[in-house]
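Student: need coordinates for the below:
(2 chains)
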Protein chains: 2
Amino acid sequence: MTAPSRGSKSAGEFELIARYLAPLAAAEGGALGLLDDAAVFDPEAGWRQVISTDAMVEGVHFPDAEDAETVATRALGAGVSDLAAMGALPEFYTLALAFPKAWDGAQRESWMIRFTAALDARQAQLGIRLIGGDTVATPGPLWVSLTSIGRVPLGREIRRSGAVADDVIWVSGSIGDGALGLKVLSGVLTTLPHDMGQALIKRFQRPEPRIALGRHLVGLAHAAADISDGLIADLTNICAASRVSATIDIARIPLSIPAQTAVDMDSANWAVVLSGGDDYEIVFTSPSNITKQVIDVARESGTAVTAIGHVDAVETDASPLVRILGVDGREVSLGGQGYRHF
Amino acid sequence: MTAPSRGSKSAGEFELIARYLAPLAAAEGGALGLLDDAAVFDPEAGWRQVISTDAMVEGVHFPDAEDAETVATRALGAGVSDLAAMGALPEFYTLALAFPKAWDGAQRESWMIRFTAALDARQAQLGIRLIGGDTVATPGPLWVSLTSIGRVPLGREIRRSGAVADDVIWVSGSIGDGALGLKVLSGVLTTLPHDMGQALIKRFQRPEPRIALGRHLVGLAHAAADISDGLIADLTNICAASRVSATIDIARIPLSIPAQTAVDMDSANWAVVLSGGDDYEIVFTSPSNITKQVIDVARESGTAVTAIGHVDAVETDASPLVRILGVDGREVSLGGQGYRHF
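Tutor: Here you go, the predicted model:
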């Protein structure tokens, strides 16, 4: 048993909140200046509230807490991505933040200055406002937990469970960049030209949630998920929730030039592309007779989409739920790593 | 820089969620079985949503993660307490949960069985349902972060900022038990009879948020806060938000028999009573001409309340904002520990 220090707030914590976090909430009256026990907000009639909670830990979800900008941009990007995948308009977030006890006051303040500057820029870009949260100290590594709240027209959210046989399977943007970027950042992938490595790192550090695309897909997509756990895992989640299976064509998966270069140099990087998380693109399904509409709304939302396969009626012994066809049209296997069995 | 492992979920994490957390969300359709990117809920017209986020870390907010029951009961109690203090009806919560990486699968599962059994009992008692969350691994100690969502009739929430001069200051229940209980639990306070020590420990482990009292105070209380950071700190927050000061009478602070015994044995324990957090009682102010009504609604809600002082017009040089009168009627000081200066 560890003898705990007092869990309650010190004067320093109150001051950090007032000085650095309260300005992020200033535009939102319901945040009550972060001075109250809770925040308030008034949903509008005709809308459904959508809420998601994510957690990120130093050494697990980001390599280095010192890079406060990446902690901020990744946390907000990943949090909002869950709402985007359901077709929701993100509005608010609350933030729980744990500082390492080993940090002295100056270190904490320097970190908060950089962290909140990045949050400020990021929340303006994403159209969301801080409304509440908590700051604590931890004997372990820095972590953040973010709860994102948004809204979607009543009954119109895109769930994972709506995919049906013969749907087209689509992905937004390009796949694999985030996970490959993490490999470059942590020194595991060293063979790429410098500029390509940097481009991949940027995709890891600064995921762009597909808010506009998600909203445009309301009424068109049958099912959707954001790609946070990896393309195969997240598509498998859709299949399991929808009681279908899926076939995707590896040659049709959209790759950025750096990712294409990485798989050309070493085909083992395909496993990273297919199973690595951190893309925060959207994988979704839609009826095959509205392909043109899907491409049109994607263009309107400024995000490319690519058809990568189709939904199959589930077979009784379907395992894995997602089949992958290689360049020669034969089924390939990722081994145990890429699949989860239900 | 630490080389991170993949932040995305393993099959084991998905299974823990499905097996142990999904049943806690089964009664709430909007939780979507914890299988989707986010949860949904439909607020009713005429109500305002209230939201609060709290974080708790092993070794800081609870002594020992192994005591899964205490982690569950404290986390839900503290989270809901913020809503209670605003007069809100708690409805939902999301949970972020980080397991120590050092735990093997069996240890994690054994912990989850005990943790979710305690959550199940606690959420039934408090009338709330799990609707979403995240589970991750951490190289540090176990932590949880809870976001609580409730509702209050539109425009009727009790804020910290409404106190005015001549208001009566009240507290619910008894003060100091939680902080003294933590001192017993961690072996710092050893002189109390065994049964008294156990009673205090129970108050620390199982705070009872004053939901019914809070709801009854809507329309009666001018300002309120829950006592999580300590009576003096939380009353100081009310004073600062309301631009008033306060005088409280130490002899009128309601103490349980174990707490009274602790301060009788060692008057230094007064500092624990006044400045220790973890009571999760409500401190509130109300006009002096409705004293009888306040006592009546407190009785209806099953919670005792005690008048401990009054609100003063703020003096320009008021520091501290909360004056404490000792048993002899003279002002006493807690030293730096108990006060925050604005």
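
Student: in chain A, where's the longest helix?
Tutor: Secondary structure of chain A per DSSP state H: the longest helix is helix A:105-126.

Student: what distance separates that helix from the centre of its chain?
Tutor: Distance of helix A:105-126 from the chain centroid (Cα atoms, centre = their mean, to the nearest Å) equals 20 Å.

Student: kindly report the same for stretch A:247-262.
Tutor: Per Cα atoms, centre = their mean, the displacement of stretch A:247-262 from the mean C-alpha position of its chain is 20 Å.

Student: then it to CSV, C-alphas only?
Tutor: Written as CSV, here are the backbone C-alpha positions of stretch A:247-262 (Å, rounded to 0.1, in the frame of the first residue of the first chain):
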residue,chain,number,x,y,z
THR,A,247,-13.7,-9.0,-48.6
ILE,A,248,-11.1,-6.3,-49.3
ASP,A,249,-8.6,-6.0,-52.1
ILE,A,250,-5.1,-5.1,-51.0
ALA,A,251,-4.3,-3.5,-54.3
ARG,A,252,-7.1,-1.0,-53.9
ILE,A,253,-6.1,0.3,-50.4
PRO,A,254,-5.1,3.9,-50.9
LEU,A,255,-1.5,4.6,-49.8
SER,A,256,0.4,7.9,-49.6
ILE,A,257,3.6,8.0,-51.6
PRO,A,258,5.7,7.5,-48.4
ALA,A,259,3.6,4.5,-47.3
GLN,A,260,3.8,3.0,-50.8
THR,A,261,7.6,3.5,-50.7
ALA,A,262,7.7,1.8,-47.3
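
Student: pull the longest helix of chain A out as PDB, backbone CA atoms only.
Tutor: Taking C-alpha atoms only, helix A:105-126 is exported to PDB below (Å, rounded to 0.1, in the frame of the first residue of the first chain):
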ATOM      1  CA  GLY A 105       6.300  24.000 -10.800                       C
ATOM      2  CA  ALA A 106       8.300  25.600 -13.600                       C
ATOM      3  CA  GLN A 107       8.300  22.400 -15.700                       C
ATOM      4  CA  ARG A 108       4.500  22.100 -15.300                       C
ATOM      5  CA  GLU A 109       3.900  25.700 -16.200                       C
ATOM      6  CA  SER A 110       6.200  25.500 -19.200                       C
ATOM      7  CA  TRP A 111       4.400  22.400 -20.400                       C
ATOM      8  CA  MET A 112       1.000  24.000 -19.800                       C
ATOM      9  CA  ILE A 113       1.900  27.000 -21.900                       C
ATOM     10  CA  ARG A 114       2.800  24.900 -24.900                       C
ATOM     11  CA  PHE A 115       0.000  22.400 -24.300                       C
ATOM     12  CA  THR A 116      -2.800  25.000 -24.100                       C
ATOM     13  CA  ALA A 117      -1.400  27.000 -27.000                       C
ATOM     14  CA  ALA A 118      -1.700  23.800 -29.100                       C
ATOM     15  CA  LEU A 119      -5.200  23.100 -27.700                       C
ATOM     16  CA  ASP A 120      -6.300  26.600 -28.500                       C
ATOM     17  CA  ALA A 121      -5.200  26.400 -32.200                       C
ATOM     18  CA  ARG A 122      -6.600  22.800 -32.500                       C
ATOM     19  CA  GLN A 123     -10.000  23.600 -30.900                       C
ATOM     20  CA  ALA A 124     -10.400  26.600 -33.300                       C
ATOM     21  CA  GLN A 125      -9.600  24.300 -36.200                       C
ATOM     22  CA  LEU A 126     -12.000  21.600 -35.100                       C
END
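
Student: quick check: buried residues in it?
Tutor: Buried positions in helix A:105-126, judged by neighbour count with 16 or more other Cβ atoms under 10 Å in any protein chain shown: A:108, A:111-112, A:115-116, A:118-119, A:122-123, A:126. Glycine gets a C-beta too; all of them are placed from N, C-alpha and C.

Student: as a markdown table, those residues with distance to residue B:167 and pLDDT would be great.
Tutor: Output for those, formatted as a markdown table (distance: Cβ to Cβ, whole Å; pLDDT from 0 to 100):
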| residue | distance to residue B:167 | pLDDT |
| --- | --- | --- |
| A:108 | 36 | 93 |
| A:111 | 40 | 95 |
| A:112 | 35 | 95 |
| A:115 | 38 | 97 |
| A:116 | 35 | 97 |
| A:118 | 42 | 97 |
| A:119 | 37 | 97 |
| A:122 | 41 | 96 |
| A:123 | 37 | 96 |
| A:126 | 41 | 96 |
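
Student: so of the residues you listed, which two are at opposite extremes in space?
Tutor: With Cβ to Cβ as the measure, no two of the buried residues of helix A:105-126 lie farther apart than A:108 and A:126, at 25.4 Å.

Student: the closest residue to residue A:171 other than its chain neighbours: neighbouring residues, count only.
Tutor: For residue A:171, ignoring the flanking residues on the chain, the nearest one in space by Cβ to Cβ, 6 or more residues apart in numbering or on different chains is residue A:283 at 5.1 Å. Residue A:283 has 26 neighbours, counted by other Cβ atoms under 10 Å in any protein chain shown.

Student: give the contact list for residue A:108.
Tutor: A:12, A:16, A:99 (Cβ atoms under 8 Å, 6 or more residues apart in numbering or on different chains).

Student: not counting its neighbours along the chain, what's nearest the closest residue to chain B within the stretch 51-200 of chain A?
Tutor: Proximity to chain B, evaluated over the stretch 51-200 of chain A using Cβ to the nearest Cβ, is greatest for residue A:140 at 1.6 Å. Take residue A:140 and drop its neighbours on the chain: the residue closest to it by Cβ to Cβ, 6+ apart is residue B:140, 1.6 Å away.

Student: spell out the secondary structure type for the one you found.
Tutor: coil (DSSP: H, G, I helix; E, B strand; the rest coil).

Student: adjacent strands (with direction) for the helix or strand that contains residue A:285?
Tutor: Residue A:285 belongs to strand A:282-286 when assigned by DSSP states H and E. Strand A:282-286 has the following sheet partners, assigned by DSSP bridges: strand A:168-172 (antiparallel), strand A:223-226 (antiparallel).

Student: could you dump those strands to JSON lines with mean pLDDT?
Tutor: Formatted as JSON lines, the strands paired with strand A:282-286 follow (pLDDT from 0 to 100):
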{"stretch": "strand A:168-172", "mean pLDDT": "98"}
{"stretch": "strand A:223-226", "mean pLDDT": "97"}
